[in-house]
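# take a look and give me a structure for this.
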Amino acid sequence: MSHAIIIARIVNREPQANHYSWQRQSSVDEMMPSMDMVRVTEEAKGGTIEVRVGETVMVELTGNLTTGYHWHLAFMNEKVLSQIGDVEFIPDSDLVGSGGKFRLRFQAARVGRSALKLAYDRDWEKGVPAARQFDILVVVDR
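Residues are numbered from 1 along each chain as shown. From the prediction side, this is the model:
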């Protein structure tokens, strides 16, 4: 039995126009964490993770892009962490309206500590609290 893997990557985000475009990816290598990558899921919410300088933190959170909601960076210490690439959405199935996982990547740039806060909301709903939030403390060592 063969399985198709579809990854939709948000490549252009223009909040003023509420416009998203996607590129389909099918590389299994892009989906699997490497030795220098720490995978974080919703179970880590409110916790602390430890990484080394140069390692990548890959955060995977559930959501449904077709509802207009998406996960995005709300806060991080840019001296300690840097975001890598665009937010990706990986649907659970090929069905229209299917939920899936949002993936965000961050690199540990230097020794230190940083809160990493993500918000799940809609761009056009100004002044409305995020429907969901995710936060962890990232401690970066040598």
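# rest of the way, CA atoms for contacts and neighbours
Noted.
# span of stretch 110-127 from start to end?
With CA to CA, to the nearest Å as the measure, stretch 110-127 spans 34 Å from end to end.
# run through the bridge partners of the spatially most central residue of the chain.
When CA atoms, centre = their mean is applied to the chain, the residue found nearest the centroid is residue 104 (2.2 Å). Applying DSSP bridges to residue 104 gives these bridge partners: residue 59.
# same check, this time on the one 10 residues further on
Beta bridges link residue 114 to residue 138 when assigned by DSSP bridges.
# now it: how far from residue 67?
Using CA to CA, we find residue 114 at a distance of 30 Å from residue 67.
# neighbour-wise, which of those two wins?
Taking other CA atoms under 10 Å, residue 114 and residue 67 do not tie; residue 114 has more neighbours (20 against 12).
# that one contacts residue 51, correct?
No - assessed by CA atoms under 8 Å, residue 114 is found out of contact with residue 51, at 11.4 Å.
# what is in contact with the two at once?
138-139 (CA atoms under 8 Å, 6 or more residues apart in numbering).
# where in the protein is the helix or strand with the lowest mean pLDDT?
strand 19-25 (a mean of 36; mean pLDDT, DSSP states H and E).
# so how far is residue 118 from residue 71?
Between residue 71 and residue 118 the distance is 6 Å, computed by CA to CA.
# so these two - more neighbours on which side?
residue 71 (27 against 22).
# looks to me like that one is in a strand.
Yes - assessed with DSSP: H, G, I helix; E, B strand; the rest coil, residue 71 lies in a strand.
# for it, which non-adjacent residue is closest in space?
Using CA to CA, 6 or more residues apart in numbering and skipping the chain neighbours, the partner closest in space to residue 71 is residue 120 (4.4 Å).
# give me the number of residues near the residue nearest to residue 53 when sequence neighbours are not counted?
The shortest distance from residue 53 to any residue other than its chain neighbours is 5.0 Å, reached at residue 108 (CA to CA, 6+ apart). A count of nearby residues for residue 108, using other CA under 10 Å, gives 27.
# would you quantify the distance from residue 133 to residue 45?
9 Å.
# make that residue 140, sorry
18 Å.
# who has more neighbours out of those two?
It is residue 140, of residue 140 and residue 45, that has more neighbours when counted by other CA under 10 Å, with 22 against 14.
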